[in-house]
Every structure is written in C-alpha cells, then in structure tokens.
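1. Generate coordinates for the sequence data below:
(one chain, ligands or ions: 1)
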Amino acid sequence: MKPQRTRRFTKVFSRIFLSEPSWILWLKICLALPLTIALANTVACTKGTSADATASPATNPESPAATPGPPAAAPTDNAPLPHIDSKRAFQYTREVTAFGPRYMGSENHKKLERYILDHLKGDQVEDDAFTADTVEGKFPVRNILVKFPGTKDGIIVILGHYDTVYPLRNSGFVGANDGGSSTAILLEFANQLRGDPNKPKPGLSGTPGKKRDGYSVWLVWTDGEEAVRKWSDTDSLYGARHLAEKWEKDGTLKKIKALMVMDMIGDADLNIDRNTNGAPWLLDLIYAAAERLGYQSHFYARQGPIEDDHIPFVKRGVPCADVIDLDYGYNNVFWHSPQDTMDKLSPKSLEIVGDTILETIHMLDQR
Ligand SMILES: [Zn+2]
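-> Residues are numbered from 1 along each chain as shown. Below is the predicted model of the structure:
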C-alpha cells in the first residue's frame, strides 16, 4: 500500500508544477507545502498498524475484539524509558532451561515451581492449584501469581507459561524459548515492579512495600499451556482456562484493563507476530511503546490468529494481546523440537520485549 501511495503522490505533484510562470509556481508551492506535510504524516502514522492493509485485524472476523477500543496513541510524557536487566533475565532463562524437561507432573516441574517461588520471597504471592483430568490421566496444575498493588483502580495482567511439552518429554526437549524465556521475563518484570531500595527509580518501578503509581500489575506463571497429546480446545491451556473461569466467578475479570501474554520471546532473530486474536487497540499500544524505544522493526512484520494462553480471556471479553514470535528458525523448525536451546536466544531480544512491555504498562497507567 505504502509504495503505491508514494508513486501516485509523486505523479500528482509533478503534474501541478510543470510549465507554469514562476509566480504561479511559488504560489502553488506555498499552498501545497502544508498538504505535503499532512500527507507525509498520514503515511508515517499508518505505518506498522497493519503489515497487510488488505486484512486489517479490526475487520478480521476471527478477532473477537473488533469493537472499537480506546485510542492507541497516548500523550508523550517525560518519564524515563524503562530498561530491564537483560543479562539477569538471560541468566534466569539459562537456569530454568538447565532443569531439563519441565512438563506437568514431572520432578523438574516441581523444582522450577520452587525456583520461581524462591525469587518471589517477600512478595504478595498466591497460587491457583488444581488437578486437570486429561486424555493422558490426571495432572497437578499450578498457576503461580504475584501481585503488585497500584494506586489506580484496575489490573494489568501479564501471563507466561512455565511448563514444557509433555509429548516431547523423552525427546530431549528443554524449551529454552518455549517455556524458558516466558518464565524468565516474568521474573525480571517482578524485579522491576518490586523496585530496588538502593536504586530507586522514578516512573515505573515501585518502592518495595509501597503501591506503584498506576494500575495494579499481576504476573502469572501459567501451567499446562501445552497439550498433553494433540492441541485442541480441551487439550491445551489448562492453567489459563482454569484461571479465566475462576476470575469470571469472583469478578476479577471486570477489573482487568489489559492482559498480555509473553511466549517465545527470546529468539535471537526476533519478529513478534501481530496475533490478530486480540484487541487491536492494545496491539497498537504495544507497537507505539516499541516505537518510543526504537524497537518497532521487531514487531508485526507478520500477522494472523494464534491460539495461546490469552484465548480463555479473549472469549470472556478481556482486552488481550499475545506477544509471541512464532517463527523460530527457518520455517519455525526449532519450535517444539530438541533444537529449542539457549544458543538460539539473545539477551537483546528479552530486552526488546521487556522494555516494550514495561513501556506499554506505563502508557496504560497514563490513560
Ligand atoms: Zn509450545
């Protein structure tokens, strides 16, 4: 769309200015200049809201959040841009992956639960534990939650799964990206939200023990995201489905302003999909946050519907975005393969996603 538009514009421009006496030419330049600037701005502003303008997510029938939402653009402010500790986040990914396969019901899964909880000492931690009845038998499932209360009425939820693929349990699959990166980025978000009393930061990070200046932020390490046999509505998203149902009953869902899922965000060749199963305004807000940080080239080159932990919440009308790069290696060959290992990942990718999501939270706080 954009190149075509530029060509047409050039044609019109040359037709106006050919063969005129010079004073008419200058008059036309004066009249046309503001129009030129306005058109150039339109092109710049529409860039990136959709990689393929013929299939706008707003009109996608599969996008349940097609109803117009709040405007994406937030006023610019002078708050410092967020910056996660990407080395630390990468180290978490390495440690999580080193446990080996971490499928539901396994010993390594239990070790990882303890590892996550050890990093949340002193925080407001809850869990949502239950038994899932699956085609492969019964499994203990445990979503781990940590809450950072805010001064504003409403909740921003960030989800990321920590289980690995059960059917691949004997294949050497360790899920560095798929399961590892999501677990790690949430641990780093907890560090940022908790704040450091020795290094107090204005803006996003709160002071320990005090409410953050904005919405409450809840982080959820979801369990049982993966299918135990073959992906279907009933064999997948065990933890997220349970949590969505629970939050529907207790009224929590109504308080959620935005829910964002982190999945497979560590790929060194980072290209986040515009997952059209989500609220267009929230997807646009994430893009706007990435633009503020200069990271927009890593977002939305592809678009399409992807099923992930956000689906049970999308179905219940919660504004959601799934932040996922489902192009992992050429033709996605590393996905659900023993090749999903640390050497494919980069701390920079964790930084790009981490900073972008923290900036998105900040922009949500301003609304
Ligand atoms: Zn997976």
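
2. how near is Asn275 to Asp322?
-> Distance, Asn275 to Asp322, by Cβ to Cβ, to the nearest Å: 4 Å. Just so you know, the C-beta spots here come from the backbone N, C-alpha and C atoms, and that holds for glycine as well.

3. Give me the common contacts of the two.
-> Shared contacts of Asn275 and Asp322 (Cβ atoms under 8 Å, 6 or more residues apart in numbering): Ile306, Asp308.

4. Flag every buried residue along stretch 269-286.
-> For stretch 269-286, burial by neighbour count (16 or more other Cβ atoms under 10 Å) applies to 270-286.

5. Same question for stretch 304-324.
-> 304, 306, 308-314, 316, 318-324.

6. send the alpha carbons of it over as CSV?
-> C-alpha atoms of stretch 304-324 as CSV (Å, rounded to 0.1, in the frame of the first residue of the first chain):
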residue,chain,number,x,y,z
GLY,A,304,-2.5,-13.8,11.8
PRO,A,305,-4.5,-15.6,14.5
ILE,A,306,-2.6,-17.7,17.0
GLU,A,307,-4.0,-19.6,20.0
ASP,A,308,-2.3,-19.1,23.3
ASP,A,309,-2.9,-18.6,27.0
HIS,A,310,-4.9,-15.4,26.3
ILE,A,311,-7.7,-17.2,24.5
PRO,A,312,-9.9,-18.1,27.5
PHE,A,313,-9.7,-14.4,28.5
VAL,A,314,-10.5,-13.2,25.0
LYS,A,315,-13.5,-15.4,25.0
ARG,A,316,-14.7,-13.6,28.1
GLY,A,317,-14.2,-10.1,26.7
VAL,A,318,-10.9,-9.2,28.3
PRO,A,319,-8.7,-6.9,26.2
CYS,A,320,-5.8,-9.1,25.4
ALA,A,321,-2.5,-9.2,23.4
ASP,A,322,-0.3,-12.2,22.8
VAL,A,323,3.3,-11.2,22.4
ILE,A,324,4.8,-14.1,20.5
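
7. Can you give the domain ranges for the chain?
-> Following automatic domain parsing, one finds the domains of the chain at 2-46, 60-365.

8. Single out the most deeply packed of those domains.
-> Highest mean neighbour count of the domains of the chain: domain 60-365, a mean of 19 (counted as mean count of other Cβ atoms under 10 Å).

9. what pairs with Lys138 across the strands?
-> Assessed by DSSP bridges, Lys138 has beta-bridge partners Asp133.

10. Reduced to three states, what does the residue nearest the centre of the chain come out as?
-> Nearest to the geometric centre of the chain sits Val323, at 3.0 Å (Cα atoms, centre = their mean). At Val323 the chain is in strand, as set by DSSP: H, G, I helix; E, B strand; the rest coil.

11. which residues sit in contact with it?
-> Neighbouring residues of Val323 by Cβ under 8 Å, 6+ apart: Met260, Val261, Met262, Asp263, Ile265, Ile272, Ile286, Val353, Ile357.

12. Those into JSON lines, with extra columns for secondary structure, pLDDT and distance to Ile144?
-> Listed next are those as JSON lines, based on DSSP: H, G, I helix; E, B strand; the rest coil; pLDDT from 0 to 100; distance: Cβ to Cβ, whole Å:
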{"residue": "Met260", "secondary structure": "strand", "pLDDT": "98", "distance to Ile144": "17"}
{"residue": "Val261", "secondary structure": "strand", "pLDDT": "98", "distance to Ile144": "15"}
{"residue": "Met262", "secondary structure": "strand", "pLDDT": "98", "distance to Ile144": "14"}
{"residue": "Asp263", "secondary structure": "strand", "pLDDT": "98", "distance to Ile144": "16"}
{"residue": "Ile265", "secondary structure": "coil", "pLDDT": "98", "distance to Ile144": "19"}
{"residue": "Ile272", "secondary structure": "strand", "pLDDT": "98", "distance to Ile144": "25"}
{"residue": "Ile286", "secondary structure": "helix", "pLDDT": "98", "distance to Ile144": "24"}
{"residue": "Val353", "secondary structure": "helix", "pLDDT": "98", "distance to Ile144": "20"}
{"residue": "Ile357", "secondary structure": "helix", "pLDDT": "98", "distance to Ile144": "19"}
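
13. I'd like the residues you listed written out as TSV, with distance to Phe90 added.
-> Converted to TSV, the contacts of Val323 look like this (distance: Cβ to Cβ, whole Å):
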residue	distance to Phe90
Met260	21
Val261	20
Met262	15
Asp263	17
Ile265	12
Ile272	18
Ile286	22
Val353	12
Ile357	16
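
14. which one of those sits closest to Asp163?
-> Among the contacts of Val323, Asp263 lies closest to Asp163 (Cβ to Cβ), at 11.8 Å.

15. Just grab the bridge partners of that closest one for me.
-> Ile324.

16. How much space separates it from Ile158?
-> Taking Cβ to Cβ, one finds Asp263 at 11 Å from Ile158.

17. Filter the buried residues of stretch 269-286 down to the ones in helices?
-> Secondary structure defined by DSSP state H assigns Pro280, Trp281, Leu282, Leu283, Asp284, Leu285, Ile286 of the buried residues of stretch 269-286 to helices.

18. Among these, which pair sits farthest apart?
-> It's Pro280 and Ile286 that sit farthest apart of those, by Cβ to Cβ, at 10.8 Å.

19. Overlap of the contact sets of those two?
-> Counting by Cβ under 8 Å, 6+ apart, nothing touches both Pro280 and Ile286.

20. got a list of what Gly172 touches?
-> So Gly172 contacts Pro101, Pro338 (Cβ under 8 Å, 6+ apart).

21. does it count as helix, strand or coil?
-> Strictly by three-state DSSP, Gly172 counts as coil.

22. Glu351 now?
-> Secondary structure for Glu351, judged by three-state DSSP, is helix.
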